[in-house]
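Asks: what shape does this take:
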Amino acid sequence: MDLAKEILKEHTRRQAVKIADYVGDNNIRFKALVDTYLKGPYRITQRGAWPLSLCIERHPDLIKPHLKKILRFLHQPGIHDAVKRNTMRLLQFIEIPKSLHGEVASLCFQYLEQKNEPVAVKAFSMTVLSNIIKNEPDLKKELKIILEDQLPYASPGFTVRAKKVLKEIA
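Replies: So this is what the prediction gives:
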């Protein structure tokens, strides 16, 4: 399967699932998907983020050799919201190595503090932070302050997730 062509064919759930089904738990195919996603161009990266996150939801261990590259990619300027959203989404399905807790937590806090960040990016960031806090309880206070500050002005989606996370970390 030519992953780039398949990614560009259409941007639907059916197509994302088709690509994820093709990759399955195959490390070589997953590496090809990651390489295609990182190489771009922009539209392939944007659309490739969805099947990438579906693969990790199904097979979390596939990400291990690629996690650092994917995290580094998020630091590039002008990253599409779909890339941030799906990367944060996939991070909630894995056990993040302790050595990357700081970097991932920093990204999550950055997304939460940005006023113009989409609700989905913030919601997934909350969940990822909640998972990290299980091993890094010192972050609990900072997350609590940020969420409580934003709750009075937040959208319903943010409010629901924030209340759930606040309950989990209490």
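Asks: now K84: closest residue in space that isn't a chain neighbour?
Replies: Nearest-residue entry for K84: V121, 4.8 Å, with adjacent residues in sequence omitted and distances by CB to CB, 6 or more residues apart in numbering. Backbone N, C-alpha and C define where each C-beta goes, glycine included.
Asks: and what of S130?
Replies: Nearest non-adjacent residue to S130 (CB to CB, 6+ apart): V165, at 4.8 Å.
Asks: show me how this protein divides into domains.
Replies: In the domain annotation for the chain, the residue ranges read 1-76, 95-170 (automatic domain parsing).
Asks: now render the ones you listed as CSV, adding mean pLDDT and mean neighbour count.
Replies: Putting those into CSV (pLDDT from 0 to 100; neighbours: other CB atoms under 10 Å) gives the following:
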stretch, mean pLDDT, mean neighbour count
domain 1-76, 95, 17
domain 95-170, 94, 16
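Asks: could you export the ones you listed as TSV, including distance to R89?
Replies: Output for those, formatted as TSV (distance: least, CB to CB, whole Å):
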stretch	distance to R89
domain 1-76	5
domain 95-170	5
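Asks: quick one: which of these is nearest N86?
Replies: Of all the domains of the chain, it is domain 1-76 that lies closest to N86, at 3.6 Å by CB to CB.
Asks: can you give me the end-to-end distance of that closest one?
Replies: Distance between the boundary residues of domain 1-76 (CA to CA, to the nearest Å) amounts to 28 Å.
Asks: so what's the gap between it and the chain middle?
Replies: Distance of domain 1-76 from the chain centroid (CA atoms, centre = their mean, to the nearest Å) equals 12 Å.
Asks: with stretch 87-96 instead?
Replies: 6 Å.
Asks: so what touches that stretch?
Replies: Here stretch 87-96 makes contact (CB atoms under 8 Å, 6 or more residues apart in numbering) with 49, 52-53, 56-57, 60, 63, 67, 70-71, 73-74, 104, 108, 111, 120-121, 124-125, 127-128, 131-132.
Asks: list the contacts for the residue nearest to S130?
Replies: Residues counted as contacts of V165 (CB under 8 Å, 6+ apart) are 126-127, 129-130, 143, 147.
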